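In: show me the folded form of this:
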Amino acid sequence: MKTSLPNELELDLMTPSEVAILREWAVSEGWNPGISDIDIARAYDPDAFIALRRGGELLGGGSIFSYEGICGFMGLFIMRQDQRQQGLGNVLWQHRLNRLRDRLRSDALVGMDGVLHMVPYYSRGGFEYLYEDVRFQGEAAGHASVHCRPMAAEDFTDIMALDRSCFPCDRSGFLKRWLSAPGMKTAVLKDGDNLEAFAALRPAEKGVKFGPVLAYTPSGAREVVSHLMSAVQGELVQLDVPEVNKKAVALAASFGLEDVFRCAKMYLGAQPTLEMNRVFGLTSFEFG
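Out: Numbering: from 1, shown residues only. Model (predicted):
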């Protein structure tokens with residue numbers, strides 16, 4: 001699907017080199033993406049990355065992620081700095097939303113983590129503000145637990161059952177790729193045969209980032225987070241939590257992490273019933 005516009009503007013799928021540029025822009029904006037995040041996302045959904053060009057020159061871009069057509073997520077919306085405040089961002093954003101909805105079933109939910117100053121704009125587009133997601137950051141400090149171990153193949157079904165209670169749709173295909181990324185560290189905590197908590201930690205442009213961190217109990221979340229922190233002691237670490245889960249906020253603060261950045265969680269469509277009390281670390285601001 002290629003759209004031609006006046007003044008030599010063009011909207012189309014991103015090329016691999018343009019995706020690399022979009023990642024560079026995300027780094028320069030201070031978003032600190034995981035080293036493999038964008039490559040994994042593009043491998044899972046190659047139609048998700050949209051470019052706005054003029055004469056072959058990239059002006060802006062963003063992702064329109066489809067989880068098997070069941071639900072969607074909009075992220076990585078960035079205009080080149082010299083192209084802002086000209087109305088071009090609106091052209092790109094509207095095209096991305098329309099294009100994503102064409103890729104999803106009619107009743108699909110669309111989510112996003114939007115920067116706070118853009119909330120009024122996104123609200124005019126039909127998105128409803130729910131709460132803020134908070135990035136906590138600091139120096140990793142934890143203790144290894146004899147009760148934790150790395151994720152094994154046989155754990156995946158239980159992890160996905162937990163994830164499905166916290167996310168609007170099945171994203172097992174995406175998480176299978178995500179959790180096998182280079183440098184990914186995982187921790188599983190079980191009570192007998194029952195999964196109690198799970199956490200993943202990946203290398204980022206700066207330091208390391210958690211995501212996801214899912215647990216049935218705050219104590220389980222604390223144990224897997226502390227265990228993984230012990231493996232990266234002293235490194236810069238980031239943990240993104242939904243502010244609506246007050247115990248997750250308290251957990252992040254208890255590790256000495258500070259609130260450094262916030263996004264607005266917004267949805268377009270019927271709001272799902274999710275167990276946000278089980279989310280102690282979001283997977284990604286960019287992909288849900």
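
In: could you point out the longest helix in this protein?
Out: Taking residue count as the measure and DSSP state H as the definition, the longest helix of the chain comes out as helix 88-103.

In: so which bits of it are buried?
Out: Neighbour-count burial for helix 88-103, counted by 16 or more other Cβ atoms under 10 Å, picks out 88-89, 91-93, 95-97, 99-101, 103. Yep, even glycine has a C-beta here, placed from its N, CA and C like the rest.

In: ok, stretch 252-269 next?
Out: Of all the residues in stretch 252-269, those buried under the rule 16+ other Cβ under 10 Å are 252, 255, 257, 261, 263-269.

In: got TSV for those, with secondary structure and distance to Phe73 too?
Out: Output for the buried residues of stretch 252-269, formatted as TSV (DSSP: H, G, I helix; E, B strand; the rest coil; distance: Cβ to Cβ, whole Å):
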residue	secondary structure	distance to Phe73
Ala252	helix	23
Phe255	coil	27
Leu257	coil	25
Phe261	strand	19
Cys263	strand	12
Ala264	strand	14
Lys265	strand	11
Met266	strand	11
Tyr267	strand	10
Leu268	strand	11
Gly269	coil	12
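
In: of all these, which comes closest to Glu24?
Out: Within these, proximity to Glu24 (Cβ to Cβ) peaks at Phe261, which comes in at 19.2 Å.

In: show me what contacts the nearest residue to that closest one once chain neighbours are set aside?
Out: Excluding the flanking residues, the one nearest Phe261 by Cβ to Cβ, 6 or more residues apart in numbering is Arg135, at 4.1 Å. Residues in contact with Arg135 (Cβ atoms under 8 Å, 6 or more residues apart in numbering) are 238-240, 259-263, 285.

In: now Asp240
Out: Contacts for Asp240 were tallied using Cβ under 8 Å, 6+ apart; they are 133-136, 209-211, 281-282, 284-285.

In: again, only using 7 Å
Out: Shown in contact with Asp240 (Cβ atoms under 7 Å, 6 or more residues apart in numbering): 133-135, 211, 281-282, 285.

In: before we move on, the earlier item: how about the helix or strand following the longest helix of the chain: buried residues?
Out: Scanning forward in sequence from helix 88-103 by DSSP states H and E, the next helix or strand is strand 109-115. Neighbour counts over strand 109-115 (16+ other Cβ under 10 Å) mark 109-115 as buried.

In: can you put these in JSON lines and add distance to Phe156 and pLDDT?
Out: Converted to JSON lines, the buried residues of strand 109-115 look like this (distance: Cβ to Cβ, whole Å; pLDDT from 0 to 100):
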{"residue": "Leu109", "distance to Phe156": "24", "pLDDT": "95"}
{"residue": "Val110", "distance to Phe156": "26", "pLDDT": "96"}
{"residue": "Gly111", "distance to Phe156": "23", "pLDDT": "96"}
{"residue": "Met112", "distance to Phe156": "27", "pLDDT": "96"}
{"residue": "Asp113", "distance to Phe156": "25", "pLDDT": "96"}
{"residue": "Gly114", "distance to Phe156": "31", "pLDDT": "93"}
{"residue": "Val115", "distance to Phe156": "33", "pLDDT": "92"}
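
In: redo the residues you listed as a markdown table? Include distance to Trp31.
Out: Converted to a markdown table, the buried residues of strand 109-115 look like this (distance: Cβ to Cβ, whole Å):
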| residue | distance to Trp31 |
| --- | --- |
| Leu109 | 24 |
| Val110 | 20 |
| Gly111 | 17 |
| Met112 | 14 |
| Asp113 | 11 |
| Gly114 | 13 |
| Val115 | 10 |
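
In: pretty sure Gly220 sits against Lys190.
Out: No: the pair Gly220 / Lys190 is not scored as a contact, 9.5 Å apart, by Cβ atoms under 7 Å.

In: what is in contact with the two at once?
Out: Taking Cβ under 7 Å, 6+ apart as the criterion, Gly220 and Lys190 both touch Glu196.

In: more neighbours: which of those two?
Out: Remark: of Gly220 and Lys190, Gly220 carries more neighbours, 24 against 16, as counted by other Cβ atoms under 10 Å.

In: I'd guess the more buried one is in a helix, am I close?
Out: Yes: the assignment for Gly220 (DSSP: H, G, I helix; E, B strand; the rest coil) places it in a helix.
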